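K.L.:
here is my input; please provide its structure:
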Amino acid sequence: MLQEGGFPADLTVTETVRMWAGTLSGPRPVDQVLDLVGLRHRARVGVKQLSGGERRRLDMAIAILGDPEVLFLDEPSAGLDPESRQRTRQLVRELLDGGTTVLLTTHDLQEAEQLADRLAIMHRGLIVRSGTPTEVAGAQPARISFAWDPGGTSSLPELLPELPGGVVEASRPGTVVLRTETLQRTLQALLDWAGRHDVTLGDLVARPASLEQAFLAIAEGEDPAVPSGDLRRLAA
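P.N.:
Numbering: from 1, shown residues only. Here you go, the predicted structure:
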């Protein structure tokens, strides 16, 4: 499934799928495929009359028409409305459950997190990190943020307890962000300290490491595990 299918604009949806089915040795039934991608109600509509999201669903229909063992999907949910995006992701899950191997490229990190068993992050044409979503995200620290009124005290370290694994990542007027490798321990220590001193930590948010965080650290050159120069290119 490419980013652009390039289908003849004057054919209907059904005619397009039937034409493609003629190139395959064992295609799925046309109606079944249209049901899977939610285009059955548009079967007699010309391709040129489809919306951008419907064309992406037609691309998907063509891609799964031959019931492939290995399926390559390039940005399958790009341009889709939320309902169609959810339908597409569910279809990918069903294909995976049915034994199809799927290689998917996407800029949607939520999509990658939801669907991937293993993933690789490409930066400047190179694979710079790979593993399960948990492994890739886990290379980054968790973060705790809260609103803070210094009350005239200038030195933040004097106000904070000794937090296990906690490092002040950013402090700007009204907000403190902590970076930690031990989220539960650091959060517990922070809450214990706040309780002892009768301090209210407004807007308190504790977030585990995320795939987006890992991606941004690589893109912004903040991941120390990704060297800036001498990276080995993958063999063709």
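K.L.:
hey, let's count contacts and neighbours off CA atoms from now on
P.N.:
Noted.
K.L.:
so which residues of this structure form strands?
P.N.:
70-74, 101-105, 119-123, 126-131, 142-147, 166-172, 175-180, 205-207 (DSSP state E).
K.L.:
ranking the ones you listed by mean pLDDT, which is last?
P.N.:
Comparing mean pLDDT across these, the weakest is strand 166-172, with a mean of 67.
K.L.:
how many neighbours does the closest residue to L2 other than its chain neighbours have?
P.N.:
Spatial nearest neighbour of L2, excluding adjacent residues (Cα to Cα, 6 or more residues apart in numbering): D74 at 5.4 Å. Residues near D74, counting by other Cα atoms under 10 Å, number 16.
K.L.:
mind listing what the closest residue to P29 other than its chain neighbours touches?
P.N.:
Excluding the flanking residues, the one nearest P29 by Cα to Cα, 6+ apart is L65, at 8.0 Å. The contact partners of L65, by Cα atoms under 8 Å, 6 or more residues apart in numbering, come to 21, 27-30, 33.
K.L.:
what's the answer for W20, then?
P.N.:
Residues in contact with W20 (Cα under 8 Å, 6+ apart) are I62.
K.L.:
how close does it sit to M1?
P.N.:
13 Å (Cα to Cα, to the nearest Å).
K.L.:
same question for P76.
P.N.:
For P76, the distance to M1 - Cα to Cα - is 7 Å.
K.L.:
what do you get for L183?
P.N.:
Per Cα to Cα, L183 is found 40 Å from M1.
K.L.:
just S210 next, same as before
P.N.:
Relative to M1, and taking Cα to Cα, S210 is found at 28 Å.
K.L.:
and for A206?
P.N.:
With distances taken as Cα to Cα, A206 is found 39 Å from M1.
K.L.:
more neighbours: which of the two?
P.N.:
Taking other Cα under 10 Å, A206 and M1 do not tie; M1 has more neighbours (19 against 16).
K.L.:
and T23, how far is that from I62?
P.N.:
Distance of T23 to I62, given as Cα to Cα: 11 Å.
K.L.:
give me the more crowded residue out of the two.
P.N.:
Neighbours per residue, other Cα under 10 Å: of T23 and I62, the larger number sits with I62, 23 against 10.
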